[in-house]
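Chemist: fold the following.
(one chain, ligands or ions: 1)
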Amino acid sequence: MSAPFRAGEVCLLVDGRGRHHLIDLEAGSTFHYHVGTLPHADIIGADEGTAFRSSGDGRLVALRPRLADYILRMRRGAQVVYPKDIGPILHWGDIGAGMVVLEAGTGSGALTLALWRAVGPTGRVVSVEARPDHAAGARAAIARFVGDIPPNLDLRLGRVEEAVEEVRPDRLVLDLPEPWEVVGPAAAGLKGGGVLTAYLPTVPQVQRLHEELRRSRCFLDAGTFEVLLREWVVEGRSVRPASQMVGHTGFITVARRAETPEPVIHLPEGS
Ligand SMILES: C[S@@+](CC[C@H](N)C(=O)[O-])C[C@H]1O[C@@H](n2cnc3c(N)ncnc32)[C@H](O)[C@@H]1O
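Modeler: Model (predicted):
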């Protein structure tokens, strides 16, 4: 992280108006924008945080993108989970260092990257994707950010239903349209006390998932919430909420694997 920029890395250039430009550093390439150009060779070998002058005297600061910066600008095949929802998924899904996490579908790989970072070098993420085109896109997007596919990230093509019992995960994270199909396999394969987290865009899907969780009698503490994020404008004395915000992305449902002789439903504490 503290090394100078190298060719092949992804780099975030922040211009004088605060706009973000994501580039892949290549010796011999040149960055172009409305205030001129900057050769990549100037950035390669420089420290993160260095400011440059473009050919048109614009100021450009070179940074490594945060994961949130990258997710908002990455190439997408499938709709990504946005950073506002990823934080709560990691927190309420209780993803931690050293855990084995099973995720599906990989989609564009945005949530996969966050899960992989959260489990750290002692943990493992198995991410399953049904569509070959999405799997290939995610693989490329992950390698672009990390530099390679890390050994503790297992990207698989297939259906997650078929992987749960073999992987025996501590945590199961589902962003796919029919997570109720995975409840049966999760009842058999998710470790006792393990957490199932599902991300769904519509109310009927949430309802169907809860019905299946209840019917299985293998999940406790099932609860659903959504996250509303309001950004603020801070410009001199004009300090106020932004006039536009994202109204809806998805609902997050969390449940714990446990024997439940009677169906029991609780909301997570503090929600
Ligand atoms: C909304 S995308 C996931 C996006 C991903 N969370 C991200 O942040 O980039 C849903 C993906 O689930 C995949 N999918 C659907 N059903 C599946 C299943 N049973 N097993 C594995 N993948 C599945 C779809 O092909 C699609 O790529």
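Chemist: which element, helix or strand, includes the residue nearest the centre of the chain?
Modeler: Nearest residue to the geometric centre of the chain (Cα atoms, centre = their mean): residue 111, 2.3 Å. Assigned by DSSP states H and E, residue 111 belongs to helix 110-119.
Chemist: tell me how many other residues surround the residue nearest to residue 41 when sequence neighbours are not counted.
Modeler: Nearest residue to residue 41, sequence neighbours excluded (Cβ to Cβ, 6 or more residues apart in numbering): residue 27, at 5.7 Å. In this view, the C-beta of every residue, glycine as well, is placed from N, C-alpha and C. Counted with other Cβ atoms under 10 Å, the neighbours of residue 27 add up to 12.
Chemist: give the contact list for residue 27.
Modeler: 7, 40, 41, 44 (Cβ atoms under 8 Å, 6 or more residues apart in numbering).
Chemist: one more time with 10 Å
Modeler: By Cβ atoms under 10 Å, 6 or more residues apart in numbering, the contact list for residue 27 reads 6, 7, 8, 39, 40, 41, 44, 45.
Chemist: ok, these vs residue 249, which is closest?
Modeler: residue 8 (32.4 Å; Cβ to Cβ).
Chemist: I'd say the closest one and residue 147 touch.
Modeler: Yes. Applying Cβ atoms under 10 Å as the test, residue 8 and residue 147 come out as touching, 7.3 Å apart.
Chemist: so where does residue 255 fall, helix or strand?
Modeler: With DSSP H and E as the test, residue 255 turns up in strand 251-257.
Chemist: residues from the stretch 1-150 of the chain in reach of the ligand?
Modeler: 78-81, 104-105, 107-111, 128-131, 134 (Cβ under 6 Å from any ligand atom).
Chemist: what's the closest of those residues to residue 224?
Modeler: For those, the closest approach to residue 224 (Cβ to Cβ) belongs to residue 81, at 15.6 Å.
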